[in-house]
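Undergrad: sequence and computational prediction follow.
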Amino acid sequence: VFGPIRGGLGIAVVLVGALLAATTGVVAAAVISMGLISLPIMLRYGYNRSIATGTITASGTLAQALPPSLVLIVLADQLGRSVGDMYAGAMIPGLMLVGLYLLFIAAVAIFKPQWVPALPLEARVYREQDGSGGYRSLMLLILASTLVAYLWATFYADIKVYFGRPAPASSEEVVIGAIMMGSLFALFAALANKSLRLNLLSRLTEQVTFVLIPPLALIFLVLGTIFLGIATPTEGGAMGAVGALIMATVRGRLTTKVLGQALENSTKLSIFVMFILIGSTIFGFTFSAADGKVWVEHLFDKLPGGQIGFLIFVNLLVFGLGFFLDFFEIAFIVIPLLAPVAEKLDINLIWFGIIIAMNLQTSFLTPPFGFALFYLRSVAPRNDYIDKVTKKRIPRITTEQIYKGSISFIILQLIMVAVLIWQPQLVTGQLKQDVQMDDSAARELLMNMIEPADSGFEDEETTGSTNDPLEPPPEEPPAAEEDPLKALQESLKTRP
């Protein structure tokens, strides 16, 4: 789709990385898959090597910021907050980071066009009989799907009333429903065009629809059900797993070997996390027994700047630790020490968690232990090779080029962290407000619920009691004390 424009391959990698992040939530899967698929094509058509490797590794780390991120789940547990709230708070910042990556690719295309060339005409696979690329029908289908989504959002309230649900819908419910209806319309249109041979849509349009809609459906199964309140995060994850199994079965790719690999990797990851959790729990107990938390609180009490000073110091600390530690160690060991201090400073812990999650992305890109860099290193060509299409010799990718490519995207991630510190409403504005209880209103409601005729109490004038269910019952008068001597005399008098 983006091949004819400069930087199109880079834009496609970022968007596919965002889709993989929202589908899997795992960095390794995104980086390795894009390294195998996208990197050879980018090298074939002359992309700058640092830009190509940096785009792939940075797009893979979006799995740390976009729901259903594993980092967000771990941070929610350590901060004692809801996973659903963490997901809702991370959505806008994650999408903003995707936009920041796209702006960077666009800027490179403007100022250094030779670094991100467009695909040549012979490399564009989908061509129509008239020689066009098929972009007109793609744009028309996008406009039609957008119109369907808009109409659904406009008349959704009336549709709810028709089905007996007069309660007003939340904004998340309207948006998710509109996206789902627009996507379903595009899928049904492509299926009808292919099965009935209508020839109304181009090959490019059909391919884009068939490739794009299934991942969107999987994202809806995971995130849509959580945001709509249909499923808990655990249930949403289970629905996503079932959806992935169904998709693999339909495509004929679910084999015993693939299923075994998935189960083995899931078991390894679970055991890995559990052992880190056990170790961090022992460390936490020992640290607390030595009054370490009190020492940490007193240490941060001396920081200047209040909340902002604390957040700047913590982010510098986490950024430095990210050079040498994995995010699991930081989340399980460091965050429990910082969370009480943040709460004492009246910092919203969801906001705090999203900032930390955005910062932890850099731990995958910072050498010498950036895992995303090593994931790409494992699939990038180590030796020169002859390209199968162009028959040209392609030089190998060096580790230095991979490291160099990550620097620009680390800076972009740090800019996003600064924006979140500066504008907390980007996170807190997406959270549902806590329900405030009005004591007087609750008291009045309880009194109205109890009818005087059915209450079982006697009249207030005769008993001296009230009908207030919240008022304690009247105390009974104390029983008269019994004199043992008098009781003995009375018993002797009654004897014959």
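TA: Sure thing, it's come through.
Undergrad: what does stretch 369-389 contact?
TA: 27-28, 31-32, 35-36, 39-40, 43-44, 53, 56-58, 60-61, 323-326, 363-365, 367, 392-397, 399, 402-403, 406 (CB atoms under 8 Å, 6 or more residues apart in numbering). Where you see a C-beta, it was placed from the backbone N, CA and C, and this is true even at glycine.
Undergrad: quick check, central residue of this protein?
TA: Central residue of the chain (CA atoms, centre = their mean): residue 67, 1.5 Å from the mean position.
Undergrad: in helices, which of the contacts of stretch 369-389 appear?
TA: Among the contacts of stretch 369-389, DSSP state H puts 27-28, 31-32, 35-36, 39-40, 43-44, 53, 56-58, 60, 399, 402-403, 406 in helices.
Undergrad: so how many other residues sit close to residue 246?
TA: Using other CB atoms under 10 Å, residue 246 is surrounded by 15 other residues.
Undergrad: quick one, phi/psi of it?
TA: Dihedral angles of residue 246 (phi, psi; degrees, to the nearest 10) stand at phi -60, psi -40.
Undergrad: got it, and residue 385?
TA: Dihedral angles (degrees, to the nearest 10) for residue 385: phi -150, psi 160.
Undergrad: tell me the bridge partners for it.
TA: Going by DSSP bridges, residue 385 is paired in beta bridges with residue 394.
Undergrad: now it: how far from residue 69?
TA: With distances taken as CB to CB, to the nearest Å, residue 385 is found 35 Å from residue 69.
Undergrad: those two - which one has more neighbours?
TA: residue 69 (26 against 14).
Undergrad: give me the nearest residue to that one, chain neighbours excluded.
TA: Nearest non-adjacent residue to residue 69, counting by CB to CB, 6 or more residues apart in numbering: residue 25, 5.1 Å away.
Undergrad: for that neighbour, which residues are in contact?
TA: Residue 25 makes contact with 63, 66, 67, 68, 69, 70 under the criterion CB under 8 Å, 6+ apart.
Undergrad: mind showing which ranges of this structure have poor pLDDT?
TA: 1, 3, 122-133, 163, 430, 432-496 (pLDDT under 70).
Undergrad: quick check: ChimeraX command selecting the buried ones in the ones in helices among the contacts of stretch 369-389.
TA: One line in ChimeraX is enough to select the buried members of these, burial here meaning 16 or more other CB atoms under 10 Å:
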select :27,28,31,32,35,39,40,43,44,53,56,57,58,60,402,403,406
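Undergrad: tell me the helix or strand right after whichever strand or helix holds residue 87.
TA: Using DSSP states H and E, residue 87 sits within helix 83-111. Per DSSP H and E, the first helix or strand lying C-terminal to helix 83-111 is helix 135-162.
Undergrad: of all the residues in the longest helix seen in the chain, which ones are buried?
TA: Scanning the chain for the helix with the most residues, using DSSP H, yields helix 256-289. Along helix 256-289, these residues count as buried under the neighbour rule (16+ other CB under 10 Å): 276, 277, 280, 284, 287.
Undergrad: distance to residue 84 added to the residues you listed, as CSV?
TA: Below are the buried residues of helix 256-289 laid out as CSV (distance: CB to CB, whole Å):
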residue, distance to residue 84
276, 24
277, 21
280, 24
284, 25
287, 30
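Undergrad: follow-up on the earlier one: wait, isn't the residue nearest to the centre of the chain in contact with residue 22?
TA: Yes. Counting by CB atoms under 8 Å, residue 67 touches residue 22, with 6.9 Å between them.
Undergrad: who touches both of these two?
TA: Common contacts of residue 67 and residue 22 (CB under 8 Å, 6+ apart): 222, 223.
Undergrad: contact partners for residue 106?
TA: Contacts of residue 106 (CB under 8 Å, 6+ apart): 7, 11.
Undergrad: please redo it, this time with the cut-off set to 7 Å
TA: The neighbours of residue 106, taking CB atoms under 7 Å, 6 or more residues apart in numbering as the test, are residue 7.
Undergrad: that one and residue 6, how far apart?
TA: Using CB to CB, residue 106 is found at 9 Å from residue 6.
Undergrad: quick check: the residue lying closest to residue 182 once chain neighbours are set aside vs residue 155, distance?
TA: Among residues not flanking residue 182 along the chain, residue 149 sits closest, at 3.4 Å (CB to CB, 6+ apart). Separation of residue 149 from residue 155 (CB to CB): 12 Å.
Undergrad: and what of residue 38?
TA: 41 Å.
Undergrad: just residue 164 next, same as before
TA: Counting by CB to CB, the gap from residue 164 to residue 155 is 16 Å.
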